[in-house]
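Colleague: need a structure here:
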Amino acid sequence: MVMKLAGKIPEEVIEQIRTQSDIVDVISEYMQLTKRGRNWFGLCPFHGEQTPSFSVSTDKQIFHCFGCGAGGNAITFVMDIESVSFPEAVVKLGERVGIHFDIQPSIPEFTKTVSKAEERMKEAHAFAADFFQHLLLNTEDGEEALNYLLERGFTRELIESNSIGWSLQSFDALTMLLERKGYNLQEIAESGLIIKREGEERYFDRFRGRIMFPIRDENGKIIAFSGRILSSTGEEAKYLNSPESPIFHKSEVLYNLDKARTSIRKNRQVLLMEGFMDVLAASSVGVTNAVATMGTSLTNQHITKLKRLVEQVTICYDGDNAGFDAAKRAAELLQAERMNVNIAVLPDKQDPDEYIRSQGGQAFKEQILEKPHAYIAFMMMHARRGKNFQFENDTLQYIQEVLEQLAGRSSPVERDLYIRQLSNETNISEEAIYAQFRKLEAGKERSVRTDVPKEALPSMPVTQQQKPMDAAERAERLLLAHMLHNIDVVDRVLRSEQKEPFVRDAYMAVFVRLVGFYEEFGHPDYQRFVEVLDDPELRKIVMEASLVERDPDQKEAEITDSLRQLQKYRIEQEINKKMHESKEAEKMHEYGRALEIAQQIIHLRKSLSAI
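Modeller: Residues are numbered from 1 along each chain as shown. Below you'll find the model as predicted:
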């Protein structure tokens, strides 16, 4: 189904997309959820936590974090997690359920956060990928490259599904095509697809005579390329990658994440590799949960993306020294983020692509992936490299490196296992190693107590005690809950003398927007209301209020009591303010003014007792 849009997205289409987008399925594409009773739980992606407080309700089709207060439905989750506008989130979820939009470029709703230049850059990359694949599969120019790929174990299906292609030796074949298609060449040069000649207004192709491997973002859009030459003369690099650009940031991209996400969720595990060729080789033998960094070390942005999906990571890097060191760095970063890490080690300094080609896919899965090393075991293996236990310094250094990994992060069983192994390897007694371990662990505990600044301590506990709500705050939340479910409550307040029913500014901001919402829509729908709020903090307030339990039989009493409680709060605040003014007047010897204020306070206290 394709919809042409020249204005706002129709309400019935929004409702259709919301209804067809099961919230558990949508959120599970971004993070790991575990069923507990009727609801699903996971680690909140909007704030750091070790104990899951992020709840998803299948019945209500909403999510709520009991830690930070974030909440909403499938559409607002996509808005928050991807930092996109409401229309963009609707379009994205629409594509997911088979409702496609033909969006006119003049729609103001879509111009707020989407860069049209970046969209055109991605369109140009998609066009280039189609051109390159046509050359590879259907022309004599691409025949040698196609044969090379087939000999390497690539099937035609793998080539087509990954949009692999071939770039001509010509200096400007792609540039001329892009120009004919009406693309702005200066804009496309900024994306890295073509290059501007220095000092001239002329452009030429960046990639020439190379097998072209598209790089996609996590939404499946092509944002860059890696080009491989067929035969190296030593003068050219084997691989030429797109440079950093407005649409391509290496520190954020995980190759194949768009295709692997479903498999990662299903297997509850991700296979992390060093290069895209390793991922393609793994895919060719049925390993579908693999991703790779793009020519850069693992970054915090990469880890954040992985943590949203799984807790278990298996690292499979090259088997040479550089690969070992890179695997150690990546494992330490992942372990520091409390992820479960295994390391699959390849023999004879091979990389995964070489191993699969020489030993086959079955051996790769059974001998490598199914027999990974636990984190500490790999760290011991890494620490042993290059050491000779005939030398005292090497022995002591090895023991120290392993104990540093064990201190503060291992279970008693792990400690016992690995210390016994250390003793057997080095011929140092277990008692002596344990003594060194206890000394090291005590030093780490003292370091934590003395080195951590006091201001950093509040963020360390796993769960934070929230300040109990006072009577006014409870009244505000309950009153808003009734307003969200009954338009008459809003009408009642608007007709009363008290035009500002709430005492906190944020609640008044929600109230003003709710009045506007009811004027436009005419009926209660808190899920639709939360979608029109552009401020995540206001969305939190609405979702927390929507979850408040209301007694239908005591509706009038609850509303009246809430309004009375808030009126009392306002008077109490006014009394406190007047008392402060009275003291200030006495300090300034303005006794007449102080007497006048005192009379005002008496009047306010009388009105308070009358409520």
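Colleague: any idea which helix or strand carries the residue most central in space within the chain?
Modeller: For the chain, the residue sitting closest to the mean C-alpha position, by Cα atoms, centre = their mean, is Lys305 at 4.7 Å. With secondary structure defined by DSSP states H and E, Lys305 is part of helix 300-307.
Colleague: residues of that helix that come out buried?
Modeller: Taking 16 or more other Cβ atoms under 10 Å as the basis for neighbour counts, the residues of helix 300-307 that come out buried are His302, Ile303, Lys305, Leu306, Lys307. Just so you know, the C-beta spots here come from the backbone N, C-alpha and C atoms, and that holds for glycine as well.
Colleague: Restrict stretch 157-167 to CA atoms and write it as CSV.
Modeller: The C-alpha coordinates for stretch 157-167 follow below in CSV (Å, rounded to 0.1, in the frame of the first residue of the first chain):
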residue,chain,number,x,y,z
GLU,A,157,22.1,-14.7,-4.1
LEU,A,158,24.6,-13.3,-1.6
ILE,A,159,25.9,-10.8,-4.2
GLU,A,160,22.4,-9.6,-5.0
SER,A,161,21.1,-9.5,-1.4
ASN,A,162,24.1,-7.4,-0.4
SER,A,163,24.1,-5.2,-3.5
ILE,A,164,27.7,-6.0,-4.4
GLY,A,165,28.8,-4.4,-7.7
TRP,A,166,31.7,-3.3,-9.9
SER,A,167,33.0,0.2,-10.7
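Colleague: Could I get the buried residue list for that stretch?
Modeller: Neighbour counts over stretch 157-167 (16+ other Cβ under 10 Å) mark Ile159, Asn162, Ser163, Ile164, Gly165, Trp166, Ser167 as buried.
Colleague: which one of these sits closest to Val402?
Modeller: Closest approach to Val402 among those (Cβ to Cβ): Asn162, at 41.3 Å.
Colleague: ok, the closest one - contacts?
Modeller: Phe213, Pro214, Leu280, Ser283 (Cβ atoms under 8 Å, 6 or more residues apart in numbering).
Colleague: List the backbone torsions phi and psi for it.
Modeller: Reported as degrees, to the nearest 10, the phi and psi values for Asn162 are phi -110, psi 10.
Colleague: before we move on, what about Phe171?
Modeller: Per degrees, to the nearest 10, the residue geometry at Phe171, taken as phi and psi, is phi -70, psi -30.
Colleague: since we're on it, how many residues are nearby?
Modeller: Other residues within reach of Phe171 by the criterion other Cβ atoms under 10 Å amount to 12.
Colleague: Now do the same contact list for the nearest residue to Ala224 once chain neighbours are set aside.
Modeller: Closest residue to Ala224 apart from its sequence neighbours, by Cβ to Cβ, 6 or more residues apart in numbering: Ser242 at 3.6 Å. Under the criterion of Cβ under 8 Å, 6+ apart, the neighbours of Ser242 are Ser191, Gly192, Leu193, Arg206, Ile215, Ile223, Ala224, Phe225, Ser226, Phe248.
Colleague: so Val56 sits in a helix?
Modeller: No - when DSSP: H, G, I helix; E, B strand; the rest coil is applied, Val56 is found to be strand, with no helix at that position.
Colleague: you'd agree it is up against Phe41?
Modeller: Yes - between Val56 and Phe41 there is a contact at 7.5 Å, judged by Cβ atoms under 8 Å.
Colleague: Need the overlap of contacts for the two.
Modeller: Counting by Cβ under 8 Å, 6+ apart, the contacts common to Val56 and Phe41 are Leu33.
Colleague: Let me see the ranges of the helices in the stretch 301-450 of the chain.
Modeller: Assignment of helices within the stretch 301-450 of the chain using DSSP state H, counting those that start in this stretch yields the ranges 321-336, 352-359, 361-363, 375-384, 392-406, 412-426, 430-451.
Colleague: Please export the C-alpha coordinates of stretch 41-59 as PDB.
Modeller: This file holds the C-alpha atoms of stretch 41-59, laid out as PDB (Å, rounded to 0.1, in the frame of the first residue of the first chain):
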ATOM      1  CA  PHE A  41      11.100  -5.900  31.000                       C
ATOM      2  CA  GLY A  42      14.500  -4.700  29.900                       C
ATOM      3  CA  LEU A  43      17.300  -2.300  30.700                       C
ATOM      4  CA  CYS A  44      16.100   1.200  30.000                       C
ATOM      5  CA  PRO A  45      17.800   2.700  26.900                       C
ATOM      6  CA  PHE A  46      17.100   6.300  28.100                       C
ATOM      7  CA  HIS A  47      19.200   6.100  31.300                       C
ATOM      8  CA  GLY A  48      22.000   3.900  32.700                       C
ATOM      9  CA  GLU A  49      20.900   1.100  34.900                       C
ATOM     10  CA  GLN A  50      21.900  -2.500  35.900                       C
ATOM     11  CA  THR A  51      18.500  -3.700  37.100                       C
ATOM     12  CA  PRO A  52      15.700  -3.700  34.500                       C
ATOM     13  CA  SER A  53      13.000  -1.100  35.300                       C
ATOM     14  CA  PHE A  54      11.800  -0.600  31.800                       C
ATOM     15  CA  SER A  55       8.300  -2.200  31.400                       C
ATOM     16  CA  VAL A  56       6.400  -2.900  28.200                       C
ATOM     17  CA  SER A  57       2.700  -3.700  28.400                       C
ATOM     18  CA  THR A  58       1.200  -5.800  25.600                       C
ATOM     19  CA  ASP A  59      -2.300  -5.200  26.800                       C
END
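Colleague: Closest one of the contacts of Ser242 to Thr426?
Modeller: Sorting the contacts of Ser242 by how near they are to Thr426, with Cβ to Cβ, puts Ser226 at the top with 44.8 Å.
Colleague: List the beta-bridge partners for that closest one.
Modeller: Taking DSSP bridges as the rule, Ser226 bridges to Phe213, Asn241.
Colleague: what sits against Val253?
Modeller: Residues touching Val253, when contacts are defined by Cβ under 8 Å, 6+ apart, comprise Ile215, Asp217, Ile223, Ala224, Thr293, Met294.
Colleague: what's the spacing between it and Ala292?
Modeller: Using Cβ to Cβ, to the nearest Å, Val253 is found at 9 Å from Ala292.
Colleague: From the chain's centroid, how far away is the longest helix belonging to the chain?
Modeller: Looking only at the chain and at elements set by DSSP state H, the helix with the highest residue count is helix 555-587. Relative to its parent chain, helix 555-587 has a centroid offset of 44 Å by Cα atoms, centre = their mean, to the nearest Å.
Colleague: Can you name the next helix or strand after it?
Modeller: Scanning forward in sequence from helix 555-587, with DSSP H and E defining helices and strands, the next element found is helix 591-610.
Colleague: Ok, which of the helices of the stretch 301-450 of the chain comes nearest Ile27?
Modeller: helix 321-336 (22.3 Å).
Colleague: Give me the helices and strands touching that closest one, please.
Modeller: Using 3 or more Cβ pairs under 8 Å, 6 or more residues apart in numbering; DSSP states H and E, the elements in contact with helix 321-336 are helix 300-307, strand 312-316, strand 340-343, helix 375-384.
Colleague: try 10 Å
Modeller: strand 270-273, helix 300-307, strand 312-316, strand 340-343, helix 375-384 (3 or more Cβ pairs under 10 Å, 6 or more residues apart in numbering; DSSP states H and E).
Colleague: Go through those and pick out the most buried.
Modeller: For the helices and strands packed on helix 321-336, the largest average neighbour count (mean count of other Cβ atoms under 10 Å) is found in strand 270-273, namely a mean of 27.
Colleague: export that one as CSV, just CAs?
Modeller: Extracted as CSV, the C-alpha positions of strand 270-273 are listed here (Å, rounded to 0.1, in the frame of the first residue of the first chain):
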residue,chain,number,x,y,z
VAL,A,270,25.7,-11.0,18.5
LEU,A,271,28.9,-12.1,16.7
LEU,A,272,31.3,-9.2,16.5
MET,A,273,33.9,-9.3,13.7
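Colleague: Return the distance of that strand from the chain's centre.
Modeller: Distance of strand 270-273 from its chain centroid, counting by Cα atoms, centre = their mean, is 17 Å.
Colleague: Which residue ranges of the stretch 51-200 of the chain form strands?
Modeller: Taking DSSP state E, counting those that start in this stretch, the strands of the stretch 51-200 of the chain run over residues 54-57, 62-65, 71-72, 100-103, 165-166, 194-196.
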